[in-house]
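Participant: just coords:
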């Protein structure tokens with residue numbers, strides 16, 4: 001019945017399951033427990049007001065799920081930790097914000113006219129950017145978008161772009177040079193560093209890879225002569241970039257599984273030309289070929305140096321030191337039974353004087369290993385003398401009949417020979433405590449200017465030599481002293 005019910009004391013008011021506490025003339029609000037869930041039903045269809053300056057919705061274990069404060073924030077919690085909160089100018093989300101769509105001023109795709117702030121975000125669809133992604137608090141650092149182009153800016157300047165042709169341009173806004181896919185352009189001298197930091201003997205690698213298959217990542221064996229890579233050096237001629245030099249690698253033989261013979265070719269462009277010509281090759285067998293015939297194995301030697309006809313010398317060795325006694329050494333080595341490199345031969349050229357013109361004198365020395373030390377055996381002096389040191393001169397017979405018989409020839413090519421001019425000489429010298437110089441000599445001298453010549457044998461003592469026997473062009477013999485054998489004076493025997 002109508003009226004007021006008053007409950008006093010310390011006892012609870014207990015309503016059984018499914019027994020409702022109805023409020024309002026039409027039972028507009030009902031509180032009850034249905035045996036499983038607690039229920040608060042508002043059946044009037046009007047506004048349901050809960051009034052408090054600090055409203056909190058909690059779990060049975062007193063964890064806050066929602067909190068609303070008068071003139072303040074509204075917070076949504078997860079596991080008693082705030083994830084979403086209203087602020088005086090919007091909302092703030094802690095963690096990942098996932099949405100299937102956004103609507104804003106444009107009414108369609110995601111549009112945030114007043115900005116979007118968060119720590120992380122996930123988009124399951126496309127994110128459309130009209131112009132740029134700008135770094136917060138550093139607005140001159142950004143990623144910008146134009147038609148088929150992505151640009152990267154720092155400190156108000158564009159640093160790199162990926163253009164519509166797929167080229168990555170670093171340091172410039174347009175392609176320059178050879179129109180390559182990767183271009184690094186700058187007025188600085190240092191453009192590329194390849195670094196590797198590792199506690200081992202290995203350094204950074206740069207790979208040039210070639211397959212005869214048109215499909216990227218697929219294999220088809222290359223063939224002999226195929227170019228595997230080129231390093232090309234170019235300079236501007238005023239309107240284009242022309243090749244000045246290049247280094248290339250080619251397949252040097254027939255390849256197979258686990259077998260890839262290769263060579264390196266070094267090329268330069270001659271003065272007046274605009275394309276490079278091969279100058280040197282390192283073949284697959286280690287042979288080094290330098291010069292005009294670099295592409296041909298002419299001698300099967302480890303080092304082959306060639307030059308075109310009527311060209312300059314093919315090899316020049318230079319010692320820049322300007323003092324006397326300096327020179328250049330060519331050493332010849334072989335390994336002994338202990339696998340140690342031992343010098344067994346040596347050719348040296350030594351400067352004997354230092355002059356300010358081209359009259360620099362010198363000699364050439366030839367040495368061999370003699371009893372575990374290098375010993376000079378032959379020397380060619382600056383005046384053309386050949387000195388044999390501590391050895392013998394052997395002239396051996398050839399293998400072509402009489403034309404190969406051993407011989408020693410003296411050839412005077414002077415066409416203005418006069419009577420008495422020396423044609424050739426063999427001198428015998430010695431050094432004693434009282435004498436140094438020639439002790440005997442055999443020489444030939446011209447007796448006229450028509451080819452006539454004789455032979456003179458000189459002997460002597462104590463540094464003084466004179467003709468002992470003279471054979472003139474008419475085969476007459478003149479003796480400078482007595483000629484004797486065990487029977488006495490040969491001349492007297494003959495005369496008698």
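Facilitator: Perfect, I can see it now. It should be emphasised that the depicted structure is a prediction, and the values quoted were computed from it without experimental measurement.
Participant: and the residue nearest to the spatial centre of the chain, helix, strand or coil?
Facilitator: The residue lying closest to the centre of the chain (C-alpha atoms, centre = their mean) is residue 206, at 8.0 Å. Assigned by DSSP: H, G, I helix; E, B strand; the rest coil, the conformation of residue 206 is coil.
Participant: these two touch, right, it and residue 194?
Facilitator: Yes. The criterion here is C-beta atoms under 8 Å, and residue 206 meets it with residue 194 at 6.4 Å. Every C-beta, even on glycine, is put in place using the N, C-alpha and C of the backbone.
Participant: Please list all residues in contact with the closest residue to residue 130 other than its chain neighbours.
Facilitator: Excluding its sequence neighbours, the residue lying closest to residue 130 (C-beta to C-beta, 6 or more residues apart in numbering) is residue 145, at 8.0 Å. Residues in contact with residue 145 (C-beta atoms under 8 Å, 6 or more residues apart in numbering) are 129-132, 151.
Participant: following the one helix or strand residue 143 maps to, which helix or strand comes up?
Facilitator: Assigned by DSSP states H and E, residue 143 belongs to strand 138-146. Counting by DSSP H and E, the next helix or strand C-terminal to strand 138-146 is strand 149-154.
Participant: Just checking: what are the partner strands of that next one?
Facilitator: strand 138-146 (antiparallel), strand 157-162 (antiparallel) (DSSP bridges).
Participant: okay, those strands in CSV with mean pLDDT and distance to residue 73 next?
Facilitator: Output for those, formatted as CSV (pLDDT from 0 to 100; distance: least, C-beta to C-beta, whole Å):
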stretch, mean pLDDT, distance to residue 73
strand 138-146, 93, 30
strand 157-162, 94, 43
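Participant: Can you tell me which of the ones you listed is nearest to residue 13?
Facilitator: Judged by C-beta to C-beta, the one of those that comes nearest to residue 13 is strand 138-146, at 64.9 Å.
Participant: So for the closest one, what gets flagged as buried?
Facilitator: Residues 141-142, 144 are the ones in strand 138-146 that count as buried (16 or more other C-beta atoms under 10 Å).
Participant: How far off centre is that strand?
Facilitator: Relative to the chain's own centre, strand 138-146 is displaced by 36 Å; criterion: C-alpha atoms, centre = their mean, to the nearest Å.
Participant: Tell me which of the strands paired with strand 149-154 lies nearest to residue 394.
Facilitator: strand 157-162 (75.3 Å).
Participant: Next, the buried residues of the closest one.
Facilitator: By neighbour count on 16+ other C-beta under 10 Å, the buried set for strand 157-162 is 160-161.
Participant: Give me the contacts around that strand.
Facilitator: With contact meaning C-beta under 8 Å, 6+ apart, strand 157-162 is reached by 149-153, 168-171, 173.
Participant: so which of the contacts of residue 145 comes closest to residue 214?
Facilitator: Nearest member of the contacts of residue 145 to residue 214, counting by C-beta to C-beta, is residue 151, at 32.1 Å.
Participant: Contacts only, for the closest one.
Facilitator: 143-145, 158, 160-161 are the contacts of residue 151 under C-beta under 8 Å, 6+ apart.
Participant: Return the two entries of those residues that lie farthest from one another.
Facilitator: Maximum pairwise distance among the contacts of residue 151 (C-beta to C-beta): 13.8 Å, between 145 and 160.
Participant: Would you mind confirming that residue 55 makes contact with residue 72?
Facilitator: No. Between residue 55 and residue 72 there is no contact under C-beta under 8 Å: 10.9 Å.
Participant: so which helix or strand takes in the nearest residue to residue 381 once chain neighbours are set aside?
Facilitator: Take residue 381 and drop its neighbours on the chain: the residue closest to it by C-beta to C-beta, 6+ apart is residue 363, 4.9 Å away. Using DSSP H and E, residue 363 sits in strand 362-370.
Participant: Please enumerate residues in contact with that strand?
Facilitator: Residues contacting strand 362-370 (C-beta under 8 Å, 6+ apart): 327, 342-353, 374-382.
Participant: Can you pull out the low-pLDDT segments for the stretch 301-450 of the chain?
Facilitator: Along the stretch 301-450 of the chain, the model assigns pLDDT under 70 to residues 310-312, 354-358, 397-405.
Participant: Try it again at 80.
Facilitator: 308-315, 319-325, 353-360, 390-415, 431-436 (pLDDT under 80).
Participant: Break down it into its strands, ranges please.
Facilitator: Ranges of strands within the stretch 301-450 of the chain are 303-306, 327-335, 341-351, 362-370, 373-380, 386-388, 422-431, 436-446, based on DSSP state E, counting those that start in this stretch.
Participant: for the stretch 101-250 of the chain, same thing?
Facilitator: Along the stretch 101-250 of the chain, counting by DSSP E, counting those that start in this stretch, strands occupy 120-123, 132-135, 138-146, 149-154, 157-162, 168-170, 182-184, 227-236, 241-251.
Participant: Just the buried subset of the contacts of strand 157-162, written out for ChimeraX, thanks.
Facilitator: In ChimeraX syntax, the buried subset of these is picked out as below (16+ other C-beta under 10 Å):
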select :151,153,169,171
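Participant: Return the closest of the contacts of strand 157-162 with respect to residue 99.
Facilitator: Of all those, residue 99 sits closest to residue 150, with 25.6 Å by C-beta to C-beta.
Participant: sorry, back to before: how about the contacts of strand 157-162 in TSV, adding distance to residue 448?
Facilitator: Listed next are the contacts of strand 157-162 as TSV, based on distance: C-beta to C-beta, whole Å:
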residue	distance to residue 448
149	96
150	97
151	96
152	95
153	98
168	88
169	87
170	86
171	85
173	90
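Participant: I'd like the contacts of strand 157-162 as TSV, with pLDDT appended.
Facilitator: Converted to TSV, the contacts of strand 157-162 look like this (pLDDT from 0 to 100):
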residue	pLDDT
149	95
150	95
151	95
152	95
153	95
168	94
169	93
170	93
171	91
173	89
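Participant: list the buried ones in the strand holding residue 363?
Facilitator: Quick answer for strand 362-370 (16+ other C-beta under 10 Å): 362-365, 367, 369.
Participant: can you list those residues in CSV and add distance to residue 338?
Facilitator: Formatted as CSV, those follow (distance: C-beta to C-beta, whole Å):
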residue, distance to residue 338
362, 36
363, 35
364, 32
365, 28
367, 23
369, 15
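Participant: what two of these are the furthest from one another?
Facilitator: Farthest apart among the buried residues of strand 362-370 by C-beta to C-beta are 362 and 369. That separation is 23.8 Å.
Participant: Test my guess that residue 454 contacts residue 443.
Facilitator: No. Taking contacts as C-beta under 8 Å, residue 454 lies outside contact range of residue 443: 9.6 Å.
Participant: how near is the nearest residue to residue 448 once chain neighbours are set aside to residue 82?
Facilitator: Spatially, and ignoring its direct neighbours in sequence, residue 448 is nearest to residue 419 (5.7 Å; C-beta to C-beta, 6+ apart). Residue 419 sits 127 Å away from residue 82, going by C-beta to C-beta, to the nearest Å.
Participant: again with residue 67
Facilitator: As judged by C-beta to C-beta, residue 67 and residue 82 stand 8 Å apart.
Participant: Name the residues contacting each of the two.
Facilitator: Common neighbours of residue 67 and residue 82 are listed as residue 75 (criterion: C-beta under 8 Å, 6+ apart).
Participant: Pick out whichever of the contacts of strand 157-162 sits closest to residue 333.
Facilitator: Using C-beta to C-beta, residue 170 is the member of those that sits closest to residue 333, with 48.7 Å.
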